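> Below are the sequence and a predicted model; questions follow.
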Amino acid sequence: MPQQADYITINDIRETAKRLSNWGRWGPEDQIGTLNLIGEEEIKYASSLVRRGKTFSLALSLKEKIQSGLFGGRWNPIHSMLATGTDAATGRQDEPSPYLRYADDAISMPCQSSTQWDALCHIFLDDKMYNGFDATLVDARGAQKLGIEHVRDRMVGRGVLLDIARYKGVEHLADGEAVDANTLDQCIAAQKVEIRKGDFVIVRTGQQERCLASGDWTGYAGGDAPGLAFDTAEWLKDKDVAGICTDTWGCEVRPNNSEANQPWHWVVIPALGISMGEIFYLKELAEDCDQDRVFEFLFVAPPLHLPGGAGSPINPQAIK
């Protein structure tokens, strides 16, 4: 397998995807991929990790303007008021007779414009999705296979934070800095934690916190970023990870040093069938884990029940 310093070709991607493929592992009609690794015992064990009753929201505020138009035409969430206390106080809700006085609102946003899950229909390997389903099954009506609705009751289990920035003794990794499999293992050893079958692994680079502190989101969405190296695809398969999440826009390191855009995505979603979470807010969780040296927790992050969705906004919770 090529290391991050090596140029990654289309042939490298296809060979790696074929070698690591989970197609057929859970049957020809499977639509949840590596979430099959989480069973009743894994969930019961994860629930036993709640010892303090302390909760952490891992969702970035929807008010943050992180989208810059570098990818896919995504825009920042738009929050609009449909009815307000001003309407009530000025009598606008009293005609033709006294109405219930209330506030109401609406939000317009791409499903992947803030903290979110990628559905397994999100990325194609050539013209195929995970488990060999044809890419044409995603049309104007949404995904006929592998839509986000299939995992709406499966995003719960043991979460493990790998705080790579703190392990390296920096506030944030540099843009373009790759986190390879060896670095993940070194961080695991330093934190004295283990990765179990069916875990949700959450990687902190510190990039998002840098943007929050400076108020500058230039390039965050689709630009250069620290992230996971191509060789971590094999690490994820070997560890039987159920889900991988980071505080960056796209999980993998950018620029990619590859013939293809986002080569790691080509393998991890359509070949391995791993659920991927992006744009996770990790500051408070990371600080708490550093204080008590406990890096495992109950993780709960259901997507919206959106049939055919290629992704979903979420408000993930880590509970210790």
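Received the coordinates, thanks.
> what distance separates the helix or strand of the chain with the lowest mean pLDDT from the centre of its chain?
Least confident helix or strand, the chain: helix 85-89 with a mean of 90, by mean pLDDT, DSSP states H and E. For helix 85-89, the gap between its own C-alpha mean and the chain's C-alpha mean amounts to 39 Å (CA atoms, centre = their mean, to the nearest Å).
> so for whichever helix or strand comes after it, what's the average pLDDT?
Downstream of helix 85-89, the first helix or strand assigned by DSSP states H and E is strand 104-108. Average pLDDT, strand 104-108: 96.
> For strand 104-108, which outside residues touch it?
Applying CB atoms under 8 Å, 6 or more residues apart in numbering, the contact partners of strand 104-108 are Leu62, Pro77, Ile78, His79, Ser80, Met81, Leu82, Ala83. Placement of C-beta: from N, CA and C, glycine included.
> go on, stretch 122-133?
Residues contacting stretch 122-133 (CB under 8 Å, 6+ apart): 14, 17, 22-24, 28-31, 33, 120-121, 134-138, 145-146, 262, 265-267, 269-273, 310-311.
> residues near Trp235, how many?
Counted with other CB atoms under 10 Å, the neighbours of Trp235 add up to 19.
> same question, the one 10 residues further on
If you count neighbours by other CB under 10 Å, Cys245 ends up with 27.
> so what strands line up beside the strand or helix carrying it?
Following DSSP H and E, one finds Cys245 within strand 243-246. In the sheet, strand 243-246 lines up against strand 200-204 (parallel), strand 275-278 (parallel) (DSSP bridges).
> tell me how far the shortest one is from the chain's mean position?
Here the centre of mass of C-alpha atoms in strand 275-278, compared against the chain's by CA atoms, centre = their mean, lies 2 Å away.
> Quick check: what element follows it along the chain?
Heading C-terminal from strand 275-278 (DSSP H and E), you reach helix 283-292.
> same deal with the first one?
Toward the C-terminus, strand 200-204 is succeeded by helix 207-214 as the next helix or strand (DSSP H and E).
> Buried residues in that next one, which are they?
Buried residues in helix 207-214, counted by 16 or more other CB atoms under 10 Å: Gln207, Gln208, Glu209, Arg210, Cys211, Leu212.
> any residues touching the helix or strand just after it, and which ones?
For helix 207-214, the succeeding helix or strand toward the C-terminus, using DSSP H and E, is strand 227-228. Strand 227-228 has contacts (CB under 8 Å, 6+ apart) with 178-179, 203, 205, 244, 246, 248, 250-254, 264.
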